[in-house]
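Novice: build the 3D model from these lines:
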Amino acid sequence: MTMKRKRRRKKGKITPKRFFIRVLLIGCIIAAGFLFYYLNRYKSGSTNSEYEDISSRSSELNRKISRIDHVIYESLYKGKVDAKNIYFSEVTPVNAKDYEWDFTEVTVNIPDQDAASSLGTLINNELLKLSPDVVITGGDAPGLDTVYNISALGLHTHRIRLVCKKAREEIRGGLPKIAIVIDDIGNDSDMASSLMELGLPVTLSVLPSSLYARDIAEKATGKGFEVILHLPMEPKNYPTVNPGPDALLTKMDERRIKAIIDKGLKKVPGVSGVNNHMGSYFTEKEDKMTYVLKELKRRNLFYLDSRTTSNTVGFKLAQKMGILSGEKSVFLDDDPSRRAVRQQLDRLLGIARYSGTAIGIGHPHEVTLDALKEYASILKKDFQVVPVSELMK
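Specialist: The predicted structure is shown next:
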(Lines give C-alpha, C1' and ligand atoms only; values in the text may rest on other atoms or scores of the structure.)
Protein backbone atom coordinates (compact mmCIF):
# COMPACT_ATOMS: atom_id res chain seq x y z
CA MET A 1 0.00 0.00 0.00
CA THR A 2 1.41 3.27 -1.08
CA MET A 3 1.30 6.11 1.49
CA LYS A 4 0.46 9.53 0.12
CA ARG A 5 2.90 12.09 1.26
CA LYS A 6 1.53 15.32 2.63
CA ARG A 7 2.39 18.19 0.49
CA ARG A 8 4.67 20.58 2.30
CA ARG A 9 4.06 24.24 1.86
CA LYS A 10 7.20 26.00 0.89
CA LYS A 11 8.53 28.24 3.62
CA GLY A 12 8.65 31.91 2.84
CA LYS A 13 6.03 31.79 0.17
CA ILE A 14 3.20 34.22 0.93
CA THR A 15 0.22 34.46 -1.29
CA PRO A 16 -1.10 37.94 -2.28
CA LYS A 17 -4.20 37.28 -0.19
CA ARG A 18 -2.16 36.51 2.95
CA PHE A 19 0.11 39.47 2.35
CA PHE A 20 -2.90 41.78 2.14
CA ILE A 21 -4.37 40.35 5.35
CA ARG A 22 -1.07 40.84 7.21
CA VAL A 23 -0.69 44.41 6.02
CA LEU A 24 -4.29 45.15 6.97
CA LEU A 25 -3.79 43.64 10.45
CA ILE A 26 -0.59 45.58 11.09
CA GLY A 27 -2.28 48.76 9.89
CA CYS A 28 -5.20 48.20 12.26
CA ILE A 29 -2.85 47.64 15.21
CA ILE A 30 -0.92 50.83 14.46
CA ALA A 31 -4.14 52.81 14.01
CA ALA A 32 -5.58 51.47 17.26
CA GLY A 33 -2.38 52.31 19.12
CA PHE A 34 -2.36 55.84 17.75
CA LEU A 35 -6.03 56.35 18.61
CA PHE A 36 -5.46 55.02 22.15
CA TYR A 37 -2.53 57.39 22.63
CA TYR A 38 -4.39 60.35 21.18
CA LEU A 39 -7.55 59.86 23.21
CA ASN A 40 -5.68 59.24 26.46
CA ARG A 41 -3.47 62.24 25.90
CA TYR A 42 -6.47 64.54 25.59
CA LYS A 43 -9.04 62.76 27.74
CA SER A 44 -8.12 64.71 30.85
CA GLY A 45 -8.31 67.98 28.94
CA SER A 46 -5.24 70.05 28.31
CA THR A 47 -1.74 69.41 29.54
CA ASN A 48 0.77 71.98 30.64
CA SER A 49 2.40 71.98 27.20
CA GLU A 50 -0.86 72.92 25.48
CA TYR A 51 -1.15 76.42 26.85
CA GLU A 52 1.19 79.08 28.02
CA ASP A 53 0.86 81.80 30.61
CA ILE A 54 2.56 85.10 31.25
CA SER A 55 5.18 83.51 33.51
CA SER A 56 6.16 80.71 31.14
CA ARG A 57 9.55 82.34 30.41
CA SER A 58 10.35 83.12 34.03
CA SER A 59 9.88 79.89 35.92
CA GLU A 60 12.49 80.71 38.59
CA LEU A 61 10.82 84.01 39.47
CA ASN A 62 7.38 82.42 39.14
CA ARG A 63 8.30 79.79 41.73
CA LYS A 64 9.31 82.53 44.16
CA ILE A 65 6.11 84.49 43.47
CA SER A 66 4.03 81.36 44.00
CA ARG A 67 5.65 80.84 47.43
CA ILE A 68 5.07 84.49 48.35
CA ASP A 69 1.42 84.20 47.30
CA HIS A 70 1.06 81.13 49.46
CA VAL A 71 2.54 82.86 52.50
CA ILE A 72 0.25 85.87 52.05
CA TYR A 73 -2.87 83.72 51.66
CA GLU A 74 -2.01 81.48 54.59
CA SER A 75 -1.24 84.49 56.78
CA LEU A 76 -4.60 86.04 55.95
CA TYR A 77 -6.32 82.73 56.73
CA LYS A 78 -4.44 82.41 60.04
CA GLY A 79 -5.22 86.02 60.85
CA LYS A 80 -8.91 85.18 60.34
CA VAL A 81 -9.42 87.98 57.86
CA ASP A 82 -12.87 87.80 56.27
CA ALA A 83 -12.54 87.21 52.53
CA LYS A 84 -14.89 90.16 51.94
CA ASN A 85 -12.18 92.45 53.33
CA ILE A 86 -9.49 91.28 50.90
CA TYR A 87 -9.07 93.20 47.64
CA PHE A 88 -6.61 92.84 44.79
CA SER A 89 -6.27 96.54 44.12
CA GLU A 90 -3.61 96.17 41.43
CA VAL A 91 -2.52 93.37 39.11
CA THR A 92 -0.16 94.84 36.52
CA PRO A 93 1.93 92.95 33.94
CA VAL A 94 5.62 93.78 34.21
CA ASN A 95 8.54 92.97 31.93
CA ALA A 96 12.09 93.53 33.21
CA LYS A 97 15.48 91.81 33.18
CA ASP A 98 14.20 89.04 30.88
CA TYR A 99 11.40 88.23 33.33
CA GLU A 100 7.65 88.63 32.94
CA TRP A 101 5.32 88.65 35.91
CA ASP A 102 2.20 90.25 37.36
CA PHE A 103 2.94 92.83 40.03
CA THR A 104 0.26 92.41 42.70
CA GLU A 105 -1.05 94.80 45.31
CA VAL A 106 -3.26 93.29 48.02
CA THR A 107 -5.34 95.72 50.07
CA VAL A 108 -6.87 94.45 53.31
CA ASN A 109 -9.46 96.17 55.49
CA ILE A 110 -8.34 95.99 59.12
CA PRO A 111 -10.47 97.15 62.08
CA ASP A 112 -7.68 99.03 63.93
CA GLN A 113 -3.95 99.70 64.14
CA ASP A 114 -3.34 96.90 66.62
CA ALA A 115 -4.91 94.34 64.27
CA ALA A 116 -2.84 95.73 61.40
CA SER A 117 0.35 95.44 63.47
CA SER A 118 -0.47 91.87 64.48
CA LEU A 119 -1.22 90.76 60.92
CA GLY A 120 1.82 92.59 59.56
CA THR A 121 4.07 90.81 62.06
CA LEU A 122 2.60 87.45 61.05
CA ILE A 123 3.19 88.10 57.33
CA ASN A 124 6.68 89.51 57.95
CA ASN A 125 7.80 86.52 60.04
CA GLU A 126 6.56 84.05 57.47
CA LEU A 127 8.20 85.85 54.55
CA LEU A 128 11.52 86.05 56.41
CA LYS A 129 11.68 82.25 56.07
CA LEU A 130 12.05 82.75 52.30
CA SER A 131 15.10 85.03 52.58
CA PRO A 132 17.59 85.84 51.10
CA ASP A 133 15.81 85.49 47.73
CA VAL A 134 12.71 87.22 49.11
CA VAL A 135 12.95 90.58 50.88
CA ILE A 136 10.18 92.46 52.70
CA THR A 137 10.45 96.13 53.65
CA GLY A 138 8.14 98.70 55.26
CA GLY A 139 5.72 98.22 58.11
CA ASP A 140 3.86 100.24 60.71
CA ALA A 141 3.42 103.96 60.24
CA PRO A 142 1.28 105.61 62.98
CA GLY A 143 -1.87 107.18 61.59
CA LEU A 144 -1.17 105.88 58.09
CA ASP A 145 -1.76 102.69 56.16
CA THR A 146 0.59 99.86 56.99
CA VAL A 147 2.44 99.07 53.78
CA TYR A 148 4.85 96.23 52.99
CA ASN A 149 6.81 95.93 49.75
CA ILE A 150 8.07 92.52 48.71
CA SER A 151 10.82 91.72 46.23
CA ALA A 152 11.98 88.40 44.79
CA LEU A 153 15.34 88.01 43.02
CA GLY A 154 15.72 91.79 43.31
CA LEU A 155 12.42 92.50 41.50
CA HIS A 156 9.41 94.23 43.07
CA THR A 157 6.60 91.65 42.95
CA HIS A 158 4.05 92.51 45.69
CA ARG A 159 2.70 95.27 47.84
CA ILE A 160 0.51 94.60 50.88
CA ARG A 161 -1.55 97.51 52.12
CA LEU A 162 -3.32 97.14 55.48
CA VAL A 163 -6.01 99.81 55.73
CA CYS A 164 -7.89 100.79 58.89
CA LYS A 165 -10.90 101.95 56.90
CA LYS A 166 -12.94 100.78 53.94
CA ALA A 167 -10.59 100.10 51.07
CA ARG A 168 -13.43 100.22 48.61
CA GLU A 169 -17.02 101.34 48.72
CA GLU A 170 -19.68 98.84 47.77
CA ILE A 171 -19.88 98.26 44.03
CA ARG A 172 -22.68 100.34 42.64
CA GLY A 173 -25.33 98.65 40.54
CA GLY A 174 -25.31 95.32 42.32
CA LEU A 175 -22.83 92.53 42.92
CA PRO A 176 -19.35 92.41 41.36
CA LYS A 177 -19.38 90.58 38.02
CA ILE A 178 -17.13 87.65 37.18
CA ALA A 179 -16.72 85.74 33.90
CA ILE A 180 -15.18 82.27 33.88
CA VAL A 181 -13.77 81.09 30.56
CA ILE A 182 -12.59 77.51 30.10
CA ASP A 183 -10.04 77.18 27.28
CA ASP A 184 -8.97 74.11 25.29
CA ILE A 185 -12.47 72.67 25.09
CA GLY A 186 -13.15 70.04 22.45
CA ASN A 187 -11.17 66.89 23.21
CA ASP A 188 -13.17 65.68 26.20
CA SER A 189 -16.95 65.73 25.80
CA ASP A 190 -17.52 64.39 29.33
CA MET A 191 -15.57 67.28 30.85
CA ALA A 192 -17.52 69.77 28.73
CA SER A 193 -20.77 68.27 29.98
CA SER A 194 -19.56 68.45 33.60
CA LEU A 195 -18.71 72.13 33.20
CA MET A 196 -22.20 72.79 31.87
CA GLU A 197 -23.64 71.07 34.93
CA LEU A 198 -21.97 73.43 37.43
CA GLY A 199 -24.97 75.72 37.54
CA LEU A 200 -22.74 78.63 36.45
CA PRO A 201 -22.85 80.38 33.06
CA VAL A 202 -19.28 79.48 32.12
CA THR A 203 -18.00 80.42 28.68
CA LEU A 204 -16.52 77.55 26.68
CA SER A 205 -13.56 78.37 24.42
CA VAL A 206 -13.32 75.63 21.81
CA LEU A 207 -10.20 74.59 19.90
CA PRO A 208 -11.14 74.39 16.20
CA SER A 209 -9.14 71.23 15.45
CA SER A 210 -10.24 69.30 18.54
CA LEU A 211 -12.03 65.95 18.31
CA TYR A 212 -15.52 67.06 19.32
CA ALA A 213 -15.38 70.78 18.48
CA ARG A 214 -18.62 70.97 16.50
CA ASP A 215 -20.60 68.58 18.71
CA ILE A 216 -19.67 70.39 21.93
CA ALA A 217 -20.25 73.84 20.42
CA GLU A 218 -23.71 72.87 19.17
CA LYS A 219 -24.63 71.20 22.46
CA ALA A 220 -23.43 74.19 24.51
CA THR A 221 -25.20 76.85 22.44
CA GLY A 222 -28.33 74.69 22.44
CA LYS A 223 -28.27 74.80 26.25
CA GLY A 224 -27.75 78.56 26.32
CA PHE A 225 -24.01 78.59 27.10
CA GLU A 226 -21.71 81.06 25.42
CA VAL A 227 -19.11 79.60 23.06
CA ILE A 228 -16.05 81.36 21.70
CA LEU A 229 -13.31 80.26 19.30
CA HIS A 230 -9.96 79.41 20.93
CA LEU A 231 -7.78 80.49 18.01
CA PRO A 232 -4.23 79.05 17.97
CA MET A 233 -1.47 81.63 17.50
CA GLU A 234 2.30 81.47 17.34
CA PRO A 235 4.05 81.34 20.74
CA LYS A 236 7.61 82.24 21.55
CA ASN A 237 10.04 79.35 20.94
CA TYR A 238 7.90 78.03 18.08
CA PRO A 239 7.98 75.24 16.86
CA THR A 240 9.44 73.75 20.07
CA VAL A 241 6.31 75.09 21.72
CA ASN A 242 3.57 73.95 19.35
CA PRO A 243 0.12 75.60 19.28
CA GLY A 244 -1.31 72.77 17.19
CA PRO A 245 -2.93 72.62 13.73
CA ASP A 246 -4.05 75.71 11.81
CA ALA A 247 -2.24 78.19 14.00
CA LEU A 248 -1.74 81.79 12.94
CA LEU A 249 1.96 82.43 12.31
CA THR A 250 3.76 85.74 11.94
CA LYS A 251 5.10 84.70 8.52
CA MET A 252 1.55 84.56 7.11
CA ASP A 253 0.00 87.30 5.00
CA GLU A 254 -3.45 88.79 5.52
CA ARG A 255 -5.14 86.47 3.05
CA ARG A 256 -3.81 83.34 4.77
CA ILE A 257 -4.75 84.67 8.22
CA LYS A 258 -8.31 85.39 7.10
CA ALA A 259 -8.58 81.90 5.57
CA ILE A 260 -7.52 80.20 8.82
CA ILE A 261 -9.97 82.28 10.87
CA ASP A 262 -12.75 81.36 8.43
CA LYS A 263 -11.83 77.67 8.66
CA GLY A 264 -11.86 77.78 12.46
CA LEU A 265 -15.24 79.51 12.62
CA LYS A 266 -16.74 76.88 10.33
CA LYS A 267 -15.54 74.14 12.67
CA VAL A 268 -16.94 75.86 15.78
CA PRO A 269 -20.43 77.17 14.96
CA GLY A 270 -22.35 79.75 16.95
CA VAL A 271 -19.44 81.64 18.51
CA SER A 272 -19.82 85.18 19.81
CA GLY A 273 -16.12 85.98 20.06
CA VAL A 274 -12.52 84.81 19.89
CA ASN A 275 -9.60 84.47 22.29
CA ASN A 276 -6.03 83.41 21.59
CA HIS A 277 -4.59 79.98 22.26
CA MET A 278 -0.92 80.56 23.14
CA GLY A 279 0.16 83.49 20.93
CA SER A 280 2.84 85.07 23.13
CA TYR A 281 4.78 85.99 19.96
CA PHE A 282 1.93 86.64 17.53
CA THR A 283 -0.04 88.95 19.84
CA GLU A 284 2.98 91.25 20.16
CA LYS A 285 2.91 91.99 16.41
CA GLU A 286 0.61 94.94 15.68
CA ASP A 287 0.47 94.39 11.91
CA LYS A 288 -0.57 90.73 12.27
CA MET A 289 -3.08 91.44 15.05
CA THR A 290 -4.58 94.17 12.86
CA TYR A 291 -5.40 91.53 10.22
CA VAL A 292 -7.06 89.36 12.87
CA LEU A 293 -9.06 92.15 14.43
CA LYS A 294 -10.22 93.53 11.09
CA GLU A 295 -11.71 90.12 10.33
CA LEU A 296 -13.38 89.88 13.74
CA LYS A 297 -14.85 93.35 13.34
CA ARG A 298 -16.20 92.43 9.92
CA ARG A 299 -17.94 89.43 11.47
CA ASN A 300 -19.16 91.39 14.55
CA LEU A 301 -17.18 89.19 16.97
CA PHE A 302 -15.51 90.39 20.18
CA TYR A 303 -11.88 89.71 21.12
CA LEU A 304 -10.73 88.46 24.51
CA ASP A 305 -6.99 88.86 25.00
CA SER A 306 -5.72 85.84 26.96
CA ARG A 307 -2.64 87.96 27.73
CA THR A 308 0.01 85.29 27.42
CA THR A 309 2.67 88.01 27.22
CA SER A 310 2.97 91.33 29.03
CA ASN A 311 3.79 92.93 25.65
CA THR A 312 0.55 91.95 23.94
CA VAL A 313 -1.04 94.63 21.75
CA GLY A 314 -4.33 92.74 21.34
CA PHE A 315 -6.63 94.49 23.81
CA LYS A 316 -5.37 98.03 23.29
CA LEU A 317 -5.44 97.64 19.51
CA ALA A 318 -8.97 96.23 19.59
CA GLN A 319 -10.09 99.18 21.71
CA LYS A 320 -8.46 101.58 19.25
CA MET A 321 -10.26 99.87 16.35
CA GLY A 322 -13.63 100.12 18.09
CA ILE A 323 -14.01 96.38 18.66
CA LEU A 324 -15.73 95.02 21.76
CA SER A 325 -12.86 93.51 23.74
CA GLY A 326 -11.50 92.56 27.13
CA GLU A 327 -8.51 90.91 28.74
CA LYS A 328 -7.86 88.12 31.18
CA SER A 329 -7.48 89.05 34.84
CA VAL A 330 -6.23 85.68 36.14
CA PHE A 331 -5.19 82.27 34.86
CA LEU A 332 -6.83 79.90 37.30
CA ASP A 333 -4.70 76.81 36.81
CA ASP A 334 -1.31 77.50 35.25
CA ASP A 335 -0.19 75.63 38.37
CA PRO A 336 -2.70 72.74 38.33
CA SER A 337 -2.49 71.90 42.03
CA ARG A 338 -5.52 72.16 44.32
CA ARG A 339 -3.90 74.76 46.58
CA ALA A 340 -2.76 76.96 43.69
CA VAL A 341 -6.11 76.85 41.88
CA ARG A 342 -7.90 77.78 45.09
CA GLN A 343 -5.53 80.72 45.60
CA GLN A 344 -6.08 81.90 42.03
CA LEU A 345 -9.84 81.79 42.54
CA ASP A 346 -9.38 83.90 45.67
CA ARG A 347 -7.34 86.34 43.58
CA LEU A 348 -10.11 86.47 40.97
CA LEU A 349 -12.71 87.25 43.64
CA GLY A 350 -10.44 89.89 45.20
CA ILE A 351 -9.99 91.65 41.85
CA ALA A 352 -13.75 91.66 41.28
CA ARG A 353 -14.41 93.05 44.77
CA TYR A 354 -12.12 95.99 44.10
CA SER A 355 -12.71 96.68 40.39
CA GLY A 356 -16.30 95.51 40.02
CA THR A 357 -15.42 92.99 37.29
CA ALA A 358 -12.88 90.23 36.65
CA ILE A 359 -12.24 87.56 34.01
CA GLY A 360 -10.73 84.20 34.95
CA ILE A 361 -9.43 81.72 32.39
CA GLY A 362 -9.10 78.06 33.29
CA HIS A 363 -8.58 74.77 31.51
CA PRO A 364 -10.44 71.44 31.51
CA HIS A 365 -8.61 69.91 34.46
CA GLU A 366 -10.40 67.85 37.09
CA VAL A 367 -8.81 70.05 39.77
CA THR A 368 -10.30 73.15 38.13
CA LEU A 369 -13.72 71.56 37.91
CA ASP A 370 -13.54 70.53 41.57
CA ALA A 371 -12.46 74.02 42.66
CA LEU A 372 -15.33 75.62 40.76
CA LYS A 373 -17.74 73.22 42.45
CA GLU A 374 -16.26 74.20 45.82
CA TYR A 375 -16.59 77.94 45.11
CA ALA A 376 -19.98 77.74 43.34
CA SER A 377 -22.00 78.77 46.40
CA ILE A 378 -19.75 81.80 47.08
CA LEU A 379 -19.90 82.82 43.43
CA LYS A 380 -23.69 82.59 43.39
CA LYS A 381 -24.16 84.44 46.68
CA ASP A 382 -21.60 87.26 46.61
CA PHE A 383 -20.96 87.73 42.88
CA GLN A 384 -22.78 87.70 39.59
CA VAL A 385 -21.24 85.17 37.20
CA VAL A 386 -21.90 86.22 33.61
CA PRO A 387 -20.92 85.13 30.09
CA VAL A 388 -17.67 86.84 29.15
CA SER A 389 -19.38 88.86 26.41
CA GLU A 390 -21.09 90.92 29.16
CA LEU A 391 -17.70 92.19 30.33
CA MET A 392 -16.48 93.27 26.89
CA LYS A 393 -16.23 97.01 26.44
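Novice: what about stretch 219-229, average pLDDT?
Specialist: On average, the pLDDT along stretch 219-229 is 98.
Novice: for that stretch, give me every contacting residue.
Specialist: 181, 192-193, 196, 201-206, 208, 217, 264-265, 268-275, 304, 387-389 (Cβ atoms under 8 Å, 6 or more residues apart in numbering). For glycine as for every other residue, the C-beta is placed from the backbone atoms N, C-alpha and C.
Novice: can you flag the buried ones in these?
Specialist: Taking 16 or more other Cβ atoms under 10 Å as the criterion, what is buried in the contacts of stretch 219-229 is 181, 192, 196, 201-206, 208, 217, 264-265, 268, 270-275, 304, 387-389.
Novice: quick one, strands of the stretch 201-350 of the chain?
Specialist: In the stretch 201-350 of the chain, the strands defined using DSSP state E, counting those that start in this stretch lie at 203-206, 226-233, 273-278, 302-305, 325-327, 330-331.
Novice: I'd like those strands laid out as TSV, including distance to residue 176.
Specialist: Listed next are these as TSV, based on distance: least, Cβ to Cβ, whole Å:
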stretch	distance to residue 176
strand 203-206	17
strand 226-233	19
strand 273-278	22
strand 302-305	19
strand 325-327	15
strand 330-331	14
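Novice: of those strands, which is nearest residue 116?
Specialist: Distance to residue 116, taken as Cβ to Cβ, is lowest for strand 330-331 among the strands of the stretch 201-350 of the chain, at 26.4 Å.
Novice: work out the sheet partners of that closest one and label each with its direction, please.
Specialist: Strands adjacent to strand 330-331 in the sheet, as given by DSSP bridges, are strand 357-362 (parallel).
Novice: next structured bit after the strand it pairs with?
Specialist: Counting by DSSP states H and E, the next helix or strand C-terminal to strand 357-362 is helix 366-382.
Novice: and residue 152, what are its bridge partners?
Specialist: According to DSSP bridges, beta-bridge pairing links residue 152 with residue 134, residue 155.
Novice: burial count for it?
Specialist: For residue 152, the tally of surrounding residues (other Cβ atoms under 10 Å) stands at 23.
Novice: measure it to residue 317 for me?
Specialist: 31 Å (Cβ to Cβ, to the nearest Å).
Novice: outline the domain layout of this protein.
Specialist: 59-163, 177-391 (automatic domain parsing).
Novice: deepest-packed of the ones you listed, please.
Specialist: domain 177-391 (a mean of 20; mean count of other Cβ atoms under 10 Å).
Novice: what about the helices in the chain?
Specialist: Under the criterion DSSP state H, the chain contains helices at 16-43, 59-78, 113-128, 189-196, 213-222, 254-267, 286-298, 314-320, 338-355, 366-382.
Novice: tell me what angle the third one forms with helix 59-78.
Specialist: With axes from the mean of the first three to the mean of the last three Cα atoms, to 10 degrees applied, the angle from helix 113-128 to helix 59-78 works out at 140 degrees.
Novice: quick revisit: for residue 380, find the nearest of the strands of the stretch 201-350 of the chain.
Specialist: Per Cβ to Cβ, nearest to residue 380 of these: strand 203-206, 16.7 Å.
Novice: which elements pack onto that closest one?
Specialist: When contacts are defined as 3 or more Cβ pairs under 8 Å, 6 or more residues apart in numbering; DSSP states H and E, strand 203-206 packs onto strand 177-185, helix 189-196, helix 213-222, strand 226-233.
Novice: who does that strand pair with, and is each partner parallel or antiparallel?
Specialist: Partner strands and pairing direction for strand 203-206 (DSSP bridges) are strand 177-185 (parallel), strand 226-233 (parallel).
Novice: contacts made by it with the rest, please.
Specialist: Residues outside strand 203-206 that contact it (Cβ under 8 Å, 6+ apart): 179-186, 192, 195-196, 213, 216-217, 220, 225-230, 268, 271, 275, 361, 387-389.
Novice: before we move on, the earlier item: export the strands paired with strand 203-206 as a markdown table, with columns for distance to residue 127.
Specialist: Below are the strands paired with strand 203-206 laid out as a markdown table (distance: least, Cβ to Cβ, whole Å):
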| stretch | distance to residue 127 |
| --- | --- |
| strand 177-185 | 29 |
| strand 226-233 | 38 |
